[in-house]
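J.: When you get a sec, could you give me coordinates for this:
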Amino acid sequence: MKEITEPEMLRRAAAYCSAAERCIQDVQKKIDAAGLPPDASERIIARLLKERFIDESRYTRFFVNDKLRFNKWGRVKISYELYKKNIPSPIREESLAAIDEGEYRAILLDLLKSKKKSTKGKDERDLFNKLLRFAAGRGFESRITLDCLSQLFKGTDCEDYADDME
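T.: Residues are numbered from 1 along each chain as shown. So this is what the prediction gives:
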């Protein structure tokens with residue numbers, strides 16, 4: 001196998017970043033896989049940052065948007081995935097704060113409605129708890145989930161179930 005040179009890796013990394021938004025960690029993994037020394041890796045990443053091929057705040061905005069709209073993830077799960085990608089806390093918080101609250105609740109409510117149709121429970125309380133766990137697994141905060149479940153279970157005493165959760 002032919003050893004890759006630093007200029008060639010820079011060109012490949014720039015093309016990789018041009019195809020889609022990437023964070024530093026994604027690019028670092030590609031460079032490491034090519035077997036370049038750490039000092040060459042640092043120079044390549046510094047150049048990509050300088051030329052704005054990599055922009056972590058731009059990457060984070062797109063990541064949050066995509067995971068919310070397409071994967072239907074909540075803030076908790078999105079934040080955790082960004083944390084695993086070594087995105088700094090201020091950038092994570094800024095992007096998560098930009099989520100439209102109305103759209104966020106609408107996504108959660110739609111998710112819960114469709115899950116309610118396909119979920120069986122012994123009784124209303126059991127179904128309520130299953131949906132609460134489902135939303136938690138998707139990364140939605142319990143307070144917002146309880147509000148949406150209260151709306152979904154109108155006419156039943158779901159406030160009692162929510163009180164049991166607190």
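
J.: Return the set of buried residues in the helix or strand containing residue 150.
T.: Using DSSP states H and E, the element containing residue 150 is helix 142-152. Within helix 142-152, the residues that count as buried by 16 or more other C-beta atoms under 10 Å are 144-146, 148-149, 152. C-beta coordinates here come from the backbone N, C-alpha and C atoms, glycine included.

J.: Just the element for the closest residue to residue 134 other than its chain neighbours, please.
T.: Closest residue to residue 134 apart from its sequence neighbours, by C-beta to C-beta, 6 or more residues apart in numbering: residue 115 at 5.4 Å. For residue 115, the element it lies in under DSSP H and E is helix 101-118.

J.: helices or strands next to that helix in the packing?
T.: The contact analysis (3 or more C-beta pairs under 8 Å, 6 or more residues apart in numbering; DSSP states H and E) places helix 101-118 against helix 56-69, helix 124-137, helix 142-152.

J.: Could you pull up the mean pLDDT of the strand or helix carrying residue 76?
T.: According to DSSP H and E, residue 76 maps onto helix 75-84. Per-residue pLDDT over helix 75-84 has a mean of 97.

J.: and the next element down the chain from that helix?
T.: By DSSP H and E, the next helix or strand past helix 75-84 is helix 89-97.

J.: other SSEs contacting that next one?
T.: The contact analysis (3+ C-beta pairs under 8 Å, 6+ apart) places helix 89-97 against helix 56-69, helix 75-84.

J.: Could you check the angle that helix makes with helix 75-84?
T.: 150 degrees (axes from the mean of the first three to the mean of the last three C-alpha atoms, to 10 degrees).

J.: what sits against residue 34?
T.: By C-beta atoms under 8 Å, 6 or more residues apart in numbering, the contact set of residue 34 is 4, 9, 12.

J.: please redo it, this time with the cut-off set to 10 Å
T.: In this structure, residue 34 makes contact with 3-6, 8-9, 12-13, 40-41, 44, judged by C-beta atoms under 10 Å, 6 or more residues apart in numbering.
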